[in-house]
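Undergrad: turn this into a model:
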Amino acid sequence: MSTADADKESRAGDLFEAWRAQVERELPGTSFATLYTQTLDGLTVEPLYVSTGKTPSLLPGIAPVPRAWRVVARVQGPDPALASARARVAVAHGADELWIEAGPDHGVHTLTAGDLALVLSQVDLVTTGLALEPGGNAMALTAALVAVADAHGVPRAALRGGLGVDPLGRLARTGSLLTGLAGAMAEARELAAFARVELPSMRALRVDATLYHEAGADSVSQLAWSLSTGIAYLRELMDTGLSLDEAAASVEFVLPVTGELLPEMAKLRAMRVLWDKVVRAAGGEPTPGSMALSAHGALRCRSRRDRPVNMLRGTLEIIAGALGGADAILAPPLDAALGSLDEQASRTALMAHHVLRDEAHLARVLDPLAGSYALEALTDRLARVAWEEMQEIEGHGGMIERLRSGSVRRSVSFTTQARWRRISTRRQGLVGVSRFAQLDEEAAPKPRPDPGDWVQNLGRRLSESSVEETQTALMAWARLLAVPPEEPGALMKVATDAVKQGVDLFSLTALLREGRPSFHLEPLRPWRDAEGFEAFRDESDRWVGRVGRRPTARLLTLGPLADHDARAAWAESLFAAGGVRCLREGWVEGRDLSGPELEQCDALLLCGTEQAYQEFGLEAARGLFASGIRLVGRVGPAGEDAEHWRSAGPVHFFHDGIDAIAMLGTLWESFGDGP
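TA: As a prediction, the model looks like this:
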């Protein structure tokens, strides 16, 4: 270390110690250690970072010129005609790329190339990118896309985006590969070889970590599993004769982002560092901008209640993606958790991009976070831990073996339990759900699409091919599969000709699967943070339908307002999160608690100071039990006199840090089916 660097480090250390001393003076009785935050990844976020080194001027994988991120809109189905209209509206509202989940039996239902042509009929395939999510129909859907482009005179080289081939991600999501691991990887190799020649601006393979996040995985696991999946795909692609750099250029990555800005930006930046290291360690020479990285707003963090708050979450996710260096960003609309397709909600999500990109100018600077030592330090730590986990995975058979052994599922389960504890105790607050809930908000119904006429109209023809020509093309496809050609990409050429002649995607995929053993394991289960509290709110709505009102808990407040207001407000917030209305009422000593005013009361809570509880709280509790109230509670910790209180009856203690979901469950059990 040079003398200048040593002096710089010494000055930084002195400044930190001076700052720490000042903090300890300002916070008497509080340990300085409480300012350090522990993440679910096991990493520590420090309260202050002091730079002692040089920040890199350019992250690997970021192009050396400022560029705006691509605005991505999801096009949902199942009706192809309706999906076409939504695609048109999305592009009109500023979407640069369309994320389309499609296939014969999922997403936008596309049985033939003609059905896909309808979906894309109002989209300029030259100016708008396409990110396909084909499920188990990757080869068939790609063939349909190429056929549609050819029919509309769009050069294949002009198509850009991704084909969405992610066999390991599909295995984790659905628990099955109907063509087995070998068949799925062979299909991936075929599509990659075809895309390198025919679709040079479309990346064939995708490493999508959103499922792992939806199932509860932490950031380190998302990075490590993405890396190991990417390495598995590199090996497969290089078997087709692609060079390492060509193979790396055929893979794109998708990472989920939440509104936790610092950790999420660090995660995106760490992904670029890690992938650059993988390619270089294998002997490649990645160039700036060569890595394709998309950020998707986390569906796990969306709520079905107080949906406008989701718009704020989406805005933070866009900021995290933009400042984290994502090439493309998808922010789900505010009603995404309902599966709704409201046009205004979708437009609002797109407008958030443009406000941040075009008015706030977040895309004007190449790397606006360069020089932030806090972010660089967290990025470095995250990358190092993820790299170590990736090495452990590769040392034990790679990502395929990690999935096969159930290790991924066990890891996700462990993290989910830790996260669930934070949510259920409200240490991790969910705005509009576990905190600041709108009790009288009307629940939006989850849409249930009516098949109507659109199911009968599936199977549109792309050309005027006769039935005989279609049958001939299908038989040619079947014969080719019996003796597959050795030339990479040859299967895709025949598949494309087949769909042009009217062969449907289902038949194409079914023949591809024939004779291949399937592979199955237990899939990961996605969940949303708000599920536990939303279940109580749903039950509250059903209660209104049966009884005509919401369940009610009366707060008997002890003493003057200043003594009980904070605790009462806390209790009202907790009970509202559980779908229960709280009504405050002052306690009068000696009051008869069996009067008619308690007829519409389902629970009673005492609320006051510890001194008030000692003076006449126990008397009140005995009176409440005598009146026949089914649940009696006290706001505040149990303390040393808990058993004394329980001598009056089964008193419940409501206080900060309790398992709110479990306690609210007990409350609802006491309600039964109503009064």
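
Undergrad: any idea how far Val503 is from Leu111?
TA: For Leu111, the distance to Val503 (C-beta to C-beta, to the nearest Å) stands at 11 Å. Backbone N, C-alpha and C define where each C-beta goes, glycine included.

Undergrad: these two: which has the busier surroundings?
TA: When Leu111 and Val503 are compared on other C-beta atoms under 10 Å, the one with more neighbours turns out to be Val503, at 28 against 21.

Undergrad: ok, the residue nearest the centre of the chain - contacts?
TA: In the chain, the C-alpha closest to the average C-alpha coordinate belongs to Ala298, at a distance of 2.6 Å (C-alpha atoms, centre = their mean). For Ala298, the set of contacting residues under the criterion of C-beta atoms under 8 Å, 6 or more residues apart in numbering consists of 210, 213-214, 256-258, 317.

Undergrad: separation between it and Met291?
TA: Between Ala298 and Met291 the distance, using C-beta to C-beta, works out to 21 Å.

Undergrad: for Arg160, same thing?
TA: For Arg160, the distance to Met291 equals 16 Å [C-beta to C-beta].

Undergrad: between those two, tell me which one has more neighbours.
TA: Met291 (24 against 19).

Undergrad: residues in contact with stretch 235-247?
TA: Outside of stretch 235-247, the residues that reach it under the criterion C-beta under 8 Å, 6+ apart are 185, 188-189, 192-193, 196, 205, 233-234, 250-251, 279, 282-286, 290, 488.

Undergrad: buried sites along it?
TA: 236-238, 240, 242, 244-245, 247 (16 or more other C-beta atoms under 10 Å).

Undergrad: redo these as JSON lines? Include secondary structure.
TA: Formatted as JSON lines, the buried residues of stretch 235-247 follow (DSSP: H, G, I helix; E, B strand; the rest coil):
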{"residue": "Glu236", "secondary structure": "helix"}
{"residue": "Leu237", "secondary structure": "helix"}
{"residue": "Met238", "secondary structure": "helix"}
{"residue": "Thr240", "secondary structure": "coil"}
{"residue": "Leu242", "secondary structure": "coil"}
{"residue": "Leu244", "secondary structure": "helix"}
{"residue": "Asp245", "secondary structure": "helix"}
{"residue": "Ala247", "secondary structure": "helix"}
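
Undergrad: pull the most distant pair out of these.
TA: Across the buried residues of stretch 235-247, the two members that end up farthest from each other (C-beta to C-beta) are Glu236 and Asp245, 15.7 Å apart.

Undergrad: next, Ser294: phi, psi?
TA: When read as degrees, to the nearest 10, the backbone of Ser294 gives phi -110, psi 150.

Undergrad: could you give the bridge partners of it?
TA: According to DSSP bridges, the partner residues bridging Ser294 are Val254, Ala328.

Undergrad: pretty sure it contacts Pro256?
TA: No: with contacts counted by C-beta atoms under 8 Å, Ser294 stays clear of Pro256, the gap being 10.0 Å.

Undergrad: quick one, domains of the chain?
TA: Per the record's domain assignment (automatic domain parsing), the chain is made up of the domains 3-35, 70-334+342-434, 467-514, 531-671.

Undergrad: give me whichever of the ones you listed is most buried.
TA: By mean neighbour count, with neighbours taken as mean count of other C-beta atoms under 10 Å, domain 70-334+342-434 ranks first of the domains of the chain at a mean of 21.

Undergrad: show me the contacts for Cys582.
TA: Taking C-beta under 8 Å, 6+ apart as the definition, contacts of Cys582 comprise 552-555, 568, 571-572, 575-576, 605.

Undergrad: dump those residues to TSV, plus pLDDT.
TA: Rendered in TSV, the data for the contacts of Cys582 read as follows (pLDDT from 0 to 100):
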residue	pLDDT
Thr552	90
Ala553	88
Arg554	86
Leu555	87
Ala568	92
Ala571	93
Glu572	93
Phe575	94
Ala576	95
Leu605	85
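
Undergrad: looking at the residues you listed, spot the one nearest Gly169.
TA: Ala576 (38.6 Å).

Undergrad: got any ranges where the stretch 1-150 of the chain has weak pLDDT?
TA: Under the criterion pLDDT under 70, the flagged ranges of the stretch 1-150 of the chain are 1-13, 41, 50-58, 65.

Undergrad: that older thread, as CSV, the buried residues of stretch 235-247 with pLDDT and distance to Ser346 would be great.
TA: Shown next, in CSV, are the buried residues of stretch 235-247 (pLDDT from 0 to 100; distance: C-beta to C-beta, whole Å):
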residue, pLDDT, distance to Ser346
Glu236, 93, 36
Leu237, 93, 35
Met238, 92, 40
Thr240, 83, 39
Leu242, 89, 38
Leu244, 94, 40
Asp245, 92, 38
Ala247, 94, 36
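
Undergrad: and of those, the nearest to Glu389?
TA: Glu236 (21.8 Å).

Undergrad: ok, and the closest non-adjacent residue to the closest one?
TA: Met185 (5.1 Å; C-beta to C-beta, 6 or more residues apart in numbering).

Undergrad: shouldn't the one you found be in contact with Pro167?
TA: Yes: contact between Met185 and Pro167 holds when scored by C-beta under 8 Å: they sit 6.3 Å apart.
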